[in-house]
Structures are given as C-alpha cells and as structure tokens.
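What would the 3D arrangement of this be:
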Amino acid sequence: MLEIENLNVWFGIGRDRVDAVRGASFSVADGESFGLVGESGSGKSTILKAITGLAPTWSGRIAVDGQELGRRRDRTFYKSVQMVFQDPYASLHPRHSVDQVLSETLHLHGFRDIDERVVQLLEDVGLGARFRFRYPHQLSGGQRQRVAIARALAGEPKLLLLDEPTSALDVSVQAEILNLLADLREEHGLTYLMVSHDLPVIGHMCERLAVMKDGEIVEVMDVEKLRQMKAEHPYSKALLAASVAG
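Numbering: from 1, shown residues only. Reported below is the predicted structural model:
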C-alpha cells in the first residue's frame, strides 16, 4: 500500500537548510499497521507531511497503492489517503458544527447521499446522530478526536496516517480511541502508518515499526521483537529500556 525509498526531506536553503529526514526506506503492506517511533524531532511526522504534500521539498520515491507520487497531490490522492492529526482542538473549525465538518468533506469527495453518510460516520466512530449538530466547544477531547477520525473516513480512504492521535488526550480516553482505531481498521480493511513516541501504543496497534533517530531510520523490526526486548541497534535498545523504566 505504501512504499518509501531513500526519502530525504529538508527545509530552508543554503546555510539555513535543515535536513529533517535522510535516506528513509520502508514499505507498508495492504491492511498492515506500521509504526514510526523516536524522540521529538527525529523526523517521524515529517515523513507523514512528505506523503501528504505538506512538506514540498523532498527527494526519493513515495508510492501509494502502486502509484508513484509527484510534487502535487490531486483529489484522487486525498480520497485514498487521509491523516488524523495530534490535536483534536486545533484540527476542527471552532465555528463549524459536526454536521458542517462532515457534510462539507463528503461534498468535496463527490458524494450525494450526504445525510445518510453523516449519520453512518458518526455511528462508525461511536458517537451517533445526537452529536450531529454540536460544536467543538460542546465536545470533550476524545469526542473531538472521534469527529476528526470520522472526517478522515468520509472519503473511504485505504491508508490512514495517524500523527500521535492520542497524545493530546487524557490517559483514560487514549485506550478508547486506540481500540476504536483497531476496530475501524478491521471493519474497513484500512492500512495504518502511525507516528508515536509511545512504544506501548505502537506495541498495541502495529505489526511492525521503524525506529528513527536524528532523521534516519536506524532499525525496522516486528512487534514481537519489541515485546521481547530484542532490539539490535543501540538507540532502539535505549528507547526500549527507557519505556520500561518509565
């Protein structure tokens, strides 16, 4: 579903250039959930931005479902690839009701049966029709993130990019959202690329993961190695040890 080969992403030019990602390569199979882990600033979210076109200066190869990506992302791309952002408070327009958020998204994707689809999306994320005409300030953090997930699902995508989707939420709500994402993946046959600094979250959600340090992927491993503390790279070992100590 996703192929990344020798990806380099940078910001600025000349002396001001910052190389955020260097030579990253990995692939994600159709239906797989793949994690990107590492400390803040390691380049995890920048890879998601390069895929979605939010980081325009990159080189290498990115292919989604066999289609190689160029500099621009068209409507068909955004129909098959969607992103769920970290902060549900910032990702929803404060003056738009849940109905407006979902209806406008469905309209942009070219759907006609919008009323039925809005209700179905809300049912899918565990909210239901009673939340349809509420505004973001009337929702909890977890409910806002459910709306953001519903919006991402509106175009019936194949690949969801999850950028720390629970880190801004209370601990009590995090597990609910992670379980919702796991259920949705199974029900809709979705593929996930998930960014997190939280190894237990990745261990719960993913089959494989890549460990990033200073813009580079230092190790790709399956989640069984993670659970058995069998990392090979010194940095991966240190991350595992820190997560256990924490």
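
Doesn't residue 241 belong to a helix?
Yes. Assigned with DSSP: H, G, I helix; E, B strand; the rest coil, residue 241 falls within a helix.

So what's the residue count around it?
When neighbours are counted by other C-beta atoms under 10 Å, residue 241 registers 12. Just so you know, the C-beta spots here come from the backbone N, C-alpha and C atoms, and that holds for glycine as well.

for residue 100, what are its contacts?
residue 93 (C-beta atoms under 8 Å, 6 or more residues apart in numbering).

Sorry, slip of the keys, the one I care about is residue 5.
Listed by C-beta under 8 Å, 6+ apart, the contact set of residue 5 reads 25, 60-62.

could these be laid out in JSON lines, adding distance to residue 114?
Listed next are the contacts of residue 5 as JSON lines, based on distance: C-beta to C-beta, whole Å:
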{"residue": "25", "distance to residue 114": "41"}
{"residue": "60", "distance to residue 114": "38"}
{"residue": "61", "distance to residue 114": "37"}
{"residue": "62", "distance to residue 114": "32"}
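
separation between the spatially most central residue of the chain and residue 87?
Nearest to the geometric centre of the chain sits residue 162, at 1.3 Å (C-alpha atoms, centre = their mean). Residue 162 is 13 Å from residue 87, where distance means C-beta to C-beta, to the nearest Å.

Buried ones among the contacts of residue 5?
Buried by 16 or more other C-beta atoms under 10 Å: 60, 62, out of those.

any chance you could map the strands in the protein?
Under the criterion DSSP state E, the chain carries strands at the ranges 2-11, 18-28, 33-37, 58-64, 67-68, 81-84, 159-163, 191-196, 208-213, 216-222.

In a markdown table: these, plus mean pLDDT and distance to residue 127.
What follows is these, written out as a markdown table (pLDDT from 0 to 100; distance: least, C-beta to C-beta, whole Å):
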| stretch | mean pLDDT | distance to residue 127 |
| --- | --- | --- |
| strand 2-11 | 98 | 29 |
| strand 18-28 | 97 | 28 |
| strand 33-37 | 97 | 23 |
| strand 58-64 | 97 | 29 |
| strand 67-68 | 94 | 33 |
| strand 81-84 | 96 | 15 |
| strand 159-163 | 97 | 18 |
| strand 191-196 | 97 | 21 |
| strand 208-213 | 96 | 30 |
| strand 216-222 | 96 | 34 |
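
Which one of those strands lies nearest to residue 175?
strand 191-196 (13.8 Å; C-beta to C-beta).

what about the helix-or-strand element of the chain with minimal mean pLDDT, distance to the chain center?
Here the helix or strand of the chain ranked lowest by mean pLDDT, DSSP states H and E is helix 234-245, holding a mean of 86. Helix 234-245 sits 23 Å away from the centroid of its parent chain (C-alpha atoms, centre = their mean, to the nearest Å).

contact partners of it?
Taking contacts as C-beta under 8 Å, 6+ apart, the residues outside helix 234-245 that touch it are 37-38, 198-200, 211, 213, 218-219, 221, 226, 229, 231.

For residue 121, which of the strands of the chain is the nearest?
Across those, closest to residue 121 is strand 81-84 (C-beta to C-beta), at 12.4 Å.

What residues sit buried inside the least confident helix or strand of the chain?
235-236, 239-240, 243.

now, among these, which is nearest to residue 141?
Out of these, the member with the shortest distance to residue 141 (by C-beta to C-beta) is residue 243, at 23.8 Å.

Quickly note the distance from that closest one to residue 192.
From residue 243 over to residue 192 (counting by C-beta to C-beta), the distance is 20 Å.

Count the residues that sit near residue 77.
So residue 77, with other C-beta under 10 Å, has 18 neighbours.

show me what contacts it?
By C-beta under 8 Å, 6+ apart, the neighbours of residue 77 are 53, 64, 69.

How confident was the prediction at it?
If you check residue 77, the pLDDT there is 93.
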